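**Student:** Please find the sequence and the predicted model below.
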Amino acid sequence: MIPLSDEPPIHAATSDGGASVALPASPAGLAFFIDLDGTLIDIAPTPEGVFVPPGLPEQLAALGLATEGALAIVSGRAIVSLDRILGPSRLVKAGLHGGELRRSGQAMEAMTAPPALELLRPLLAALANRWPGTLLEDKGAAIAVHYRGNPAAEDDVLATVEAMLPLTEGTVAAQRGKMVIELKPASAGKGNVVRRLMAEPPFAGRLPVAMGDDVTDEAMFRVANEMGGLSIRVGDDGRPTDARLRLPDTTSLRAWVDALGRAGAALAAGAESAMVGTSTTASRPKGTP
Ligand SMILES: [Mg+2]
């Protein structure tokens, strides 16, 4: 067997309270769907105020390479914002909870805002003015109302936004997150991103690994579970989750991403030397996957 590394495996807790399990040490056969805020990087008071740990874009690129491109960043942010934070890499990026999708090296595909969302836009702007500290983030095909700056406004904000929904006749859905409620096309959603990408190369034929921290990620978790993959929730705020595994924080998730990327590079280097060498067929015991 090719030794992957002599590093100890990274363990994740199980959501049902059972014993912790070792996460895979190799990215072989896996496809990754990773949320950004609260999962790969810590959440900041404003969406643009986030800190990107040095080396993260390179670690993601390495894991992307190790999976032949089967790695997608799946975020509520617009892709233009993901590019600002992670750099305009060749990673597959899904923005606005699937309202935008950009495959590696291709042009972005965007869902257009439902007409009803256009009607709500000025209404939401007027309402955000009424609650000091709330912030309206206009993403084009989706609009988010952040109330992190005024947590006391939560009930008012949620009730008002929910009351607007019937006006959209089912074309707009509300998605709650951490101190944010977002209005988006009803056909968007992170679970649909996983389904779509898993049906096409380079994702098809691999097992999905979904990682996230928030209610918007639960749909990804359910699809990954359905497909026999892994679902990993980062952080523990006490809310129930469909993720089967938990990691305590963004640091532990980045450590796994980093380890997988390096293991993938080691595997590729091993495969290359095996092709150059002549007598490597006996090195792998029978029955080893
Ligand atoms: Mg998140």
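**Tutor:** Sure thing, it's come through.
**Student:** Any idea how many residues pack against Leu167?
**Tutor:** When neighbours are defined as other CB atoms under 10 Å, Leu167 has 12 of them. For glycine as for every other residue, the C-beta is placed from the backbone atoms N, C-alpha and C.
**Student:** Leu120 is in contact with that one, correct?
**Tutor:** Yes - using CB atoms under 8 Å, Leu167 is in contact with Leu120, at 7.1 Å.
**Student:** so what's the residue of the chain found nearest the ion up against?
**Tutor:** Going by CB to the ion, the ion is nearest to Gly38 of the chain, at 3.7 Å. Gly38 sits next to 178, 212-214, 234-235, 250 when contact means CB atoms under 8 Å, 6 or more residues apart in numbering.
**Student:** Just among those residues, which is most surrounded?
**Tutor:** Most crowded among these, counting by other CB under 10 Å, is Gly212 at 30 neighbours.
**Student:** Identify the spatial nearest neighbour of it, chain neighbours not counted.
**Tutor:** Asp35 (3.8 Å; CB to CB, 6 or more residues apart in numbering).
**Student:** Could you pull up the contacting residues of that neighbour?
**Tutor:** Taking CB under 8 Å, 6+ apart as the test, what Asp35 contacts is 73-75, 190, 211-214, 216-217, 220.
**Student:** Quick one: classify Ala173 as helix, strand or coil.
**Tutor:** strand (DSSP: H, G, I helix; E, B strand; the rest coil).
**Student:** let me redo that: Leu117
**Tutor:** Per three-state DSSP, Leu117 ends up helix.
**Student:** That one contacts Ala188, doesn't it?
**Tutor:** No - assessed by CB under 8 Å, Leu117 is found out of contact with Ala188, at 11.1 Å.
**Student:** so what's in contact with the two at the same time?
**Tutor:** What both Leu117 and Ala188 touch, as defined by CB under 8 Å, 6+ apart, is the set 141-142.
**Student:** between the two, which one's more packed in?
**Tutor:** The residue with more neighbours, out of Leu117 and Ala188, is Ala188; 25 against 20, by other CB under 10 Å.
**Student:** in a strand, that's where that one is, yeah?
**Tutor:** No - using three-state DSSP, the secondary structure at Ala188 is coil, not a strand.
**Student:** pLDDT of stretch 20-28, averaged?
**Tutor:** For stretch 20-28, the mean pLDDT works out to 95.
**Student:** Now Ala70: closest residue in space, sequence neighbours ignored.
**Tutor:** Ala31 (3.9 Å).
**Student:** The one you found: neighbour count?
**Tutor:** Considering only other CB under 10 Å, Ala31 is surrounded by 27 other residues.
**Student:** for the protein, longest helix please?
**Tutor:** Ranked by number of residues, the top helix in the chain under DSSP state H is helix 250-276.
**Student:** Identify each buried residue in that helix, please.
**Tutor:** For helix 250-276, the neighbour count (16 or more other CB atoms under 10 Å) marks 250, 252-264, 266-267, 270 as buried.
**Student:** now for that helix, which elements pack on it?
**Tutor:** Where contact means 3 or more CB pairs under 8 Å, 6 or more residues apart in numbering; DSSP states H and E, helix 250-276 is packed against helix 56-66, strand 230-234.
**Student:** okay if I get these as CSV plus mean pLDDT and distance to Ser89?
**Tutor:** Below are the helices and strands packed on helix 250-276 laid out as CSV (pLDDT from 0 to 100; distance: least, CB to CB, whole Å):
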stretch, mean pLDDT, distance to Ser89
helix 56-66, 96, 6
strand 230-234, 98, 21
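**Student:** most tightly surrounded among these?
**Tutor:** strand 230-234 (a mean of 25; mean count of other CB atoms under 10 Å).
**Student:** between it and helix 250-276, how many degrees?
**Tutor:** Orientation check (axes from the mean of the first three to the mean of the last three CA atoms, to 10 degrees): strand 230-234 against helix 250-276 gives 140 degrees.
**Student:** So which other helices or strands are in contact with strand 230-234?
**Tutor:** strand 207-212, helix 218-226, strand 245-247, helix 250-276.
**Student:** mind running it again at 6 Å?
**Tutor:** Packing contacts for strand 230-234, counted by 3 or more CB pairs under 6 Å, 6 or more residues apart in numbering; DSSP states H and E, involve strand 207-212, helix 218-226, strand 245-247.
**Student:** what's the closest of those to Leu63?
**Tutor:** strand 207-212 (10.5 Å; CB to CB).
**Student:** Alright, I will stop here.
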